[in-house]
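**Student:** compute the structure for the input listed below.
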Amino acid sequence: MRRSILYIVPVIVIALIGILSSVFVVDERQKALVLQFGQIRQVREDPGIGFKIPLIQQVVTYDDRILSLDTETFEVTPADDRRLVVDAFARYRIADVVRFRQAVGTGGERQAEARLESILNSQIREVLGADQVTSDVILSSDRRLLMNRIRDQAQSQAADLGLDVIDVRLKQTNLPSQNLEATFERMRAERQREAEDERARGEEAAQRVRALADRTVTETLSEAQRERNVTRGEADARANAIFAEAYGADPEFFDFYRSLQAYRLALQGNNSTMVMTPDNAFFDYLYSQNAPENALPSGPIDLPPEVAEEAAAAQAEVEPVEVEAGGPETPEAVEEDAAEDAAGDDGSAQDLEVQLPAGATDPTPVPNDAPMDIRTPDGSTPPAEGAADEAVDGAVSQPDDAEDATTQAPEDEAQP
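**Tutor:** The predicted model follows:
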C-alpha cells in the first residue's frame, strides 16, 4: 500500500505539471501566438485561457496597446537651403501579429522600433526636402499638413511590418548651432530693411501732409492779402474822394490846413531843428504876409472829428484878455499892450508894431474878421508857434522864449 502511494504521488505531480504547462492566459492588453518548432500554430487576439502542448509548443505574447517611438535628432535641408535640425515621435501599434512575427522574427519590438525609426527618418527627409517646402513653411502652422503626409507615407511601409502608424509629430525644429548667428544677422537685416521702408513711407506721407498744409496756408494768406488790398484800395479811394471834396470846397484853405499838419509832424517833440533857407516854401504859411486872405473861412467848416476835437481843446485853453472900458483905445495904447505881451520871463521885451487895417486912422472898433499884421521894428514877421490850432480857433499868436501870449478883443467890449 505504501509502495503504491509512493508511485501515485509522482504521477499526480507530473500530471499537474503537465496540465499547468499546457494552459496559458491571454491578457486583454496582449496578443499571443502559439509556436511549434518555430512555426505559428495558433493566434490568440482575444483575452482568455488557451491550451498548448507542453514541451512542444510555446506561447509568444505581444503588447496590443499604442506604443511610442522617439527618433534621434537629425538635419534636413528644405528647398531654400536653410538647414534645420528636427526630431520626431510616432504613435503606433501592432496591427497584425502574424506579419509582425514574420517580419521581425525573434527580435520582437526592439527590432521593430529600429526599422520603424529608419522609415520615419527617410519619410521626414523626403517630405521636408520637397521642392515647394521651405523653412518658413516648416516653421509655420502649415507643418500640420506636412506631418500628415509623413504619417501616410510611413504607414504604407510600416504595414509590411504588421504595424499601424497612428500619428507622427515633429517635436523640435531648430537651426544648427553654427548657423544660428548668421540666421540672426539675416533676420536683423531684413527687419532693418522693413523698418527703413516703413520710415520712408511715413516720411513720404508726412511730406504730402506738410505740402498740403503749406498750400492751404499760402492760399489762405493770398486770399487775406487780396481782401486786405481790396479793402485798403476802397479806403484809399474813399479818403481821396473826401480830400478831393474838401479841396474842391476851398482849395486855399485846404492847402493851408495841410501845411499846418506838416508843421505839426515836423516840429513835434525835441526834434525841431531843420536846416533850410528862409525863403523855403515850407515856411510860407509861417509868415503872415504869405497867409491866404481866406485862410480863415467865414462860414462853418466841416473838419474831421479828430481835428475838431483838437481845435475845441485848444480854444478852451485860450484865456481871453479883457480890455478895460475906462477910456478910448488909441493906436499908441494898442502898441504899448502888444509890447508888454511880447516880453519874456527874463524881463527883456521885443518892440512890436501893430498895424491897423488900411484906412483906420482913428481908434475905431476892430472887427473880429479883420486880419492883424504884427511886425517887428525891422519889418520882419516872427514865426507863429502852434499856428495850426490858433488859426483854426481864430486867434493870432506871437512866439516867445517861454510862453505864448494871446490877445483877444471881443467885439462887444471894444469902445471907440
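**Student:** show me what the top helix by length along the chain is packed against.
**Tutor:** For the chain, the longest helix by residue count, based on DSSP state H, is helix 177-249. Packing contacts for helix 177-249, counted by 3 or more Cβ pairs under 8 Å, 6 or more residues apart in numbering; DSSP states H and E, involve helix 251-266. (Each C-beta comes from the backbone N, C-alpha and C, glycine too.)
**Student:** using CSV, write down the CA coordinates of the helix it packs on.
**Tutor:** C-alpha atoms of helix 251-266 as CSV (Å, rounded to 0.1, in the frame of the first residue of the first chain):
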residue,chain,number,x,y,z
PRO,A,251,-8.6,174.9,-52.3
GLU,A,252,-6.7,177.7,-50.5
PHE,A,253,-7.8,176.7,-47.0
PHE,A,254,-7.2,173.0,-47.8
ASP,A,255,-3.6,173.9,-48.7
PHE,A,256,-3.2,175.9,-45.6
TYR,A,257,-4.7,173.1,-43.4
ARG,A,258,-2.4,170.5,-45.0
SER,A,259,0.6,172.8,-44.3
LEU,A,260,-0.3,173.1,-40.7
GLN,A,261,-0.5,169.3,-40.4
ALA,A,262,3.0,169.1,-41.9
TYR,A,263,4.3,171.7,-39.4
ARG,A,264,2.8,169.7,-36.6
LEU,A,265,4.5,166.4,-37.7
ALA,A,266,7.8,168.1,-38.5
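**Student:** chain neighbours aside, what residue packs nearest to residue 32?
**Tutor:** residue 44 (4.1 Å; Cβ to Cβ, 6 or more residues apart in numbering).
**Student:** just to revisit the earlier point, next, the angle from the longest helix of the chain to helix 251-266.
**Tutor:** Here the directions of helix 177-249 and helix 251-266 differ by 140 degrees (axes from the mean of the first three to the mean of the last three Cα atoms, to 10 degrees).
**Student:** quick revisit: pull the number of nearby residues for the residue nearest to residue 32.
**Tutor:** 19 (other Cβ atoms under 10 Å).
**Student:** need phi/psi at it.
**Tutor:** With angles defined as degrees, to the nearest 10, residue 44 sits at phi -120, psi 100.
**Student:** that one reaches residue 31, doesn't it?
**Tutor:** Yes - using Cβ atoms under 8 Å, residue 44 is in contact with residue 31, at 7.0 Å.
**Student:** quick revisit: residue 33 versus the residue nearest to residue 32, what's the distance?
**Tutor:** Distance, residue 44 to residue 33, using Cβ to Cβ, to the nearest Å: 8 Å.
**Student:** could you list the low-pLDDT ranges of the stretch 151-300 of the chain?
**Tutor:** 269, 271-272, 287-300 (pLDDT under 70).
**Student:** hang on, residue 91 in a strand?
**Tutor:** Yes - note on residue 91: a strand contains this position according to DSSP: H, G, I helix; E, B strand; the rest coil.
**Student:** in contact with it, which residues?
**Tutor:** Residue 91 makes contacts with 66-69, 165-168, as judged by Cβ atoms under 8 Å, 6 or more residues apart in numbering.
**Student:** what does the model give residue 149 for pLDDT?
**Tutor:** pLDDT, residue 149: 90.
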